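Q: show me how the following folds:
(one chain, ligands or ions: 3)
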Amino acid sequence: MSKSLYETIQKTSLKVTPARVAVLRAFTRKLQPLSAETLIHKLRKADVDNVTIYRTLNIFEKVGIIRRVDLRKDSICFELASHHHHHFVCTGCGDIEKINKCNLQSLVKKSLRQAKKFASVDTHSFELFGLCKICAEN
Ligand SMILES: [Zn+2]
Ligand SMILES: [Zn+2]
Ligand SMILES: [Zn+2]
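A: Ligands and ions are numbered 1, 2, ... in the order given. Coordinates of the predicted model:
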């Protein structure tokens with residue numbers, strides 16, 4: 001069992017189970033948003049049942065190991081929460097490109113100063129939808 005996966009789970013004071021390690025490994029291998037359906041498909045060989053996968057996603061989200069990403073796909077996608085970033089999403093083929101640099105801090109601050117009801121912002125999401133170069137050519 002990989003030590004860092006084990007530690008990531010342990011740090012949240014969740015019990016380390018083979019299913020949790022398998023789900024976390026799938027996220028760290030792919031480093032891309034995954035839906036529950038994709039995970040179920042990937043973990044078929046790992047002998048983790050569907051209910052456990054849904055439950056693991058829930059609990060991982062609650063403790064902050066993963067976060068939801070809205071890619072406007074049919075199902076909810078999750079990815080590791082450890083590295084803050086944004087995405088380009090192709091509305092033609094569904095391809096995703098990471099935007100590593102976040103330039104939104106000043107926008108967040110400015111918006112917050114103008115807010116009438118809000119005192120603080122904990123997090124934000126920002127996804128850009130359009131066509132990838134391949135889809136744009138066709
Ligand atoms: Zn991402
Ligand atoms: Zn595309
Ligand atoms: Zn950001």
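
Q: okay, which residue is most central for this structure?
A: Nearest residue to the geometric centre of the chain (CA atoms, centre = their mean): Glu79, 1.9 Å.

Q: wait, what's in contact with it?
A: Residues near Glu79 by CB atoms under 8 Å, 6 or more residues apart in numbering: 27, 31-34, 66-67, 69. Where you see a C-beta, it was placed from the backbone N, CA and C, and this is true even at glycine.

Q: just the buried subset of those residues, please.
A: 27, 33-34, 66-67, 69 (16 or more other CB atoms under 10 Å).

Q: tell me the bridge partners for the closest residue to Pro33 other than its chain neighbours.
A: The shortest distance from Pro33 to any non-neighbouring residue, by CB to CB, 6 or more residues apart in numbering, is to Cys77 (3.7 Å). Cys77 has these beta-bridge partners by DSSP bridges: Ser35, Val69.

Q: mind checking pLDDT for Lys45?
A: pLDDT, Lys45: 87.

Q: oh, I was asking about Met1
A: For Met1, the pLDDT comes out at 53.

Q: pLDDT weak spots in this protein?
A: Scanning the chain for pLDDT under 70 picks out the ranges 1-2.

Q: report the closest residue of it relative to ligand 3.
A: Ligand 3 sits closest to Cys102 of the chain, with a gap of 3.2 Å, by CB to the ion.

Q: tell me, how many residues neighbour that residue?
A: By the criterion of other CB atoms under 10 Å, Cys102 has 12 neighbours.

Q: which residues in this protein form helices?
A: 3-11, 18-30, 36-42, 50-63, 105-114, 133-137 (DSSP state H).

Q: return the set of buried residues in the fifth one.
A: By neighbour count, and taking 16+ other CB under 10 Å as the criterion, helix 105-114 has no buried residues at all.

Q: does ligand 3 have contacts with that helix?
A: No - if you take CB under 5 Å from the ion as the test, helix 105-114 misses ligand 3, and the best it gets is 7.5 Å.
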